[in-house]
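Trainee: can you look at this prediction? I've put the sequence above it.
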Amino acid sequence: MVKIIMHGCNGHMGQVISSLVEKDPNAQIVAGIDIADNGNNSYPVFTDMEACDTPADVLIDFSSPKAADQLMDYCVRRSLPLVLCTTGLSEAQLAKVEETSGRIPVLRSANMSLGINTLLKLIQDAAKILATAGFDMEIVERHHNLKLDAPSGTALALADSLNEAMDGEYHYVYDRSQRRELRDPKEIGISAVRGGTIVGDHEVIFAGPDEVIEFKHTAYSKAVFGKGAVEAAKFLASKPAGKYDMSDVIG
Ligand SMILES: NC(=O)C1=CN([C@@H]2O[C@H](COP(=O)(O)OP(=O)(O)OC[C@H]3O[C@@H](n4cnc5c(N)ncnc54)[C@H](OP(=O)(O)O)[C@@H]3O)[C@@H](O)[C@H]2O)C=CC1
Ligand SMILES: O=C(O)C1=N[C@H](C(=O)O)C[C@H](O)C1
């Protein structure tokens, strides 16, 4: 039985994970941490992270970048493996993730779904053939109107995957509104759409002369992220310090 602390327990993803774990005989949420205790959870909720000393095997985080620094220090202090799912971290915070993973196991992934983690691999083969042949690469993401960060963490991960396949030769362009110049062949354009209740769509577009290839992932429910996060927590609970991602879980 894996004992989980849920950080951001009152949020959309915190609630998805609470429902999934309730039906899982091999996992249990032993405590939650959030800004407020709305009294809706079946486990104790701490509004002060430092006050939460409940014994646990792993912490899952779906909250806010504002909490990330304190959260990493807390997990190190408690030697608690960390499944870090919050997106929109700063460069300094990403550097802190590296440093933290030298001391405890940290699994960071901008997208916990099987589909996106498969796509991250597939597009590398496509890029090697198509970008080498001169195709332009663009990413379009669409999310609900409550999303705070843009572009999505997944869009950035997809761009990083393309760029890695192309030996890091590309740079990212997020906004062309002030530009009056031709598209640089070595750019990856990333565009964000926000509206309604869209769970999360990502398109990777390879546009060449007279032909276009598109890869598209659509999440129809936040459960795809929740399931991946619970699997990641079970995986990470017994691992040594180090940096992990969903490819370690999915294989
Ligand atoms: N890796 C992945 O697969 C996925 C990642 N995400 C990411 O996870 C994060 C959360 O998403 P989601 O659940 O939809 O967001 P929500 O806003 O619904 O939930 C976030 C929760 O964290 C709380 N919170 C905010 N700031 C703090 C803080 N400083 N300390 C503790 N708790 C805090 C919020 O409280 P309050 O409402 O009072 O602000 C809220 O209860 C986002 O960064 C999102 O991009 C989302 C889906 C999938
Ligand atoms: O905020 C969300 O909702 C999501 N965020 C993640 C991201 O920024 O990529 C993953 C998913 O697309 C949903």
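Mentor: Good, I have the coordinates. Ligands and ions are numbered 1, 2, ... in the order given.
Trainee: buried stuff in stretch 2-20?
Mentor: 2-11, 13-18, 20 (16 or more other Cβ atoms under 10 Å). In short, each C-beta sits where N, CA and C put it, glycine included.
Trainee: and stretch 169-185, how far from the chain's centre?
Mentor: Counting by Cα atoms, centre = their mean, to the nearest Å, stretch 169-185 is centred 25 Å from the centre of its parent chain.
Trainee: next, the buried residues of it.
Mentor: Buried, per 16+ other Cβ under 10 Å, within stretch 169-185: 170, 172.
Trainee: how about stretch 241-250?
Mentor: Here stretch 241-250 shows 244, 245, 246, 249, 250 as buried, counting by 16+ other Cβ under 10 Å.
Trainee: could you give the mean pLDDT of stretch 150-169?
Mentor: What stretch 150-169 shows for mean pLDDT is 98.
Trainee: tell me how far it is from the chain's mean position?
Mentor: Here stretch 150-169 is found 13 Å from its chain centre; the criterion is Cα atoms, centre = their mean.
Trainee: may I have it as PDB, with CA atoms only?
Mentor: Output in PDB follows, covering the C-alpha atoms of stretch 150-169 (Å, rounded to 0.1, in the frame of the first residue of the first chain):
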ATOM      1  CA  ALA A 150       1.000  29.600 -21.300                       C
ATOM      2  CA  PRO A 151       2.300  27.900 -23.400                       C
ATOM      3  CA  SER A 152       1.500  24.700 -21.600                       C
ATOM      4  CA  GLY A 153       4.200  22.600 -20.000                       C
ATOM      5  CA  THR A 154       3.400  19.900 -22.500                       C
ATOM      6  CA  ALA A 155       3.900  22.200 -25.500                       C
ATOM      7  CA  LEU A 156       7.300  23.100 -24.200                       C
ATOM      8  CA  ALA A 157       8.100  19.400 -23.600                       C
ATOM      9  CA  LEU A 158       7.100  18.600 -27.200                       C
ATOM     10  CA  ALA A 159       9.300  21.400 -28.400                       C
ATOM     11  CA  ASP A 160      12.200  20.200 -26.300                       C
ATOM     12  CA  SER A 161      11.700  16.700 -27.800                       C
ATOM     13  CA  LEU A 162      11.800  18.000 -31.300                       C
ATOM     14  CA  ASN A 163      14.800  20.200 -30.600                       C
ATOM     15  CA  GLU A 164      16.700  17.300 -28.900                       C
ATOM     16  CA  ALA A 165      16.100  15.200 -32.100                       C
ATOM     17  CA  MET A 166      17.600  18.000 -34.100                       C
ATOM     18  CA  ASP A 167      20.700  18.400 -31.900                       C
ATOM     19  CA  GLY A 168      19.500  21.500 -30.200                       C
ATOM     20  CA  GLU A 169      19.700  23.700 -33.300                       C
END
